[in-house]
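Sequence and predicted structure are below.
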Amino acid sequence: KPELNVGLQAGGWFPMGNLSATGNHPSLGLILGLRKGMYYLDANFDFRFGNTSQDVFIVVKDTLVATRNHQGGYGGFELSRVFLQNPRSQWEWYAGAGYNLIEIVEDAREPERQSFGSWAFQTGPSFRWFFPNRTWLNVRAGFVMLNHKHDRGTPLDGNAFQLRIVYGFSENPSKSENLKRLGFTHW
């Protein structure tokens, strides 16, 4: 039977190429999905915050403006496949697709903001530890392929590396109750 999969995540975003002008950023997020057998299918929502490491130039009303105010986010789906496991941990490989958004906000009294969006594809290894109370801790490292287009101002093309730590919970109440009746306490 499938299990509900919920988790809170924190991590870091490390852009490469011209996208590195936005700098490294911490991230916070949420995953929600299902686990069945050797597969996890999760919706992933991630928010990045913090100033850029250097001035980023955007065009506001035909004027080139420098700012360091940055916000970013990602929403998408991830499919994980377990390829090595023991009773307390497992190695997985995941792949995901979604939409990545970067917002650069002008430093002014009535700030203008520009949004730069890109389809994002990511993949990487994952390691998950299980605890007796049906919770787990997951470490995910992934390469994110992006295609942010920006014709005027600071170019934002490049990819990123992402590292996340997820603390979550997997449960199916009827499955758990039936297994307990059969005498199983760990599964």
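Received the coordinates, thanks.

ok, now how distant is the residue nearest the centre of the chain from Lys149?
Central residue of the chain (CA atoms, centre = their mean): Asp46, 4.9 Å from the mean position. To Lys149, Asp46 is 21 Å away according to CB to CB, to the nearest Å. The C-beta positions use only the backbone N, C-alpha and C, and glycine is treated the same way.

Same question for Asp55.
20 Å.

one step back: dump the residue contacts of the residue nearest to the centre of the chain.
9, 27-29, 73-75, 164 (CB atoms under 8 Å, 6 or more residues apart in numbering).

That one is in what secondary structure piece?
strand 39-49 (DSSP states H and E).

in whichever helix or strand comes after that strand, what's buried?
Where DSSP H and E defines the elements, the next helix or strand beyond strand 39-49 is strand 56-60. Buried residues in strand 56-60, defined by neighbour count with 16 or more other CB atoms under 10 Å: 56-58, 60.

can you check stretch 28-43 too?
Buried residues in stretch 28-43, defined by neighbour count with 16+ other CB under 10 Å: 29-31, 33, 35, 40, 42-43.

What segments of this protein are helices?
173-181 (DSSP state H).

Sketch out the low-pLDDT regions of it for me.
The chain contains residues with pLDDT under 70 at 173-180, 184-187.

Tell me the bridge partners for Ala97.
Phe77, Phe121 (DSSP bridges).

burial of it, as a residue count?
14 (other CB atoms under 10 Å).
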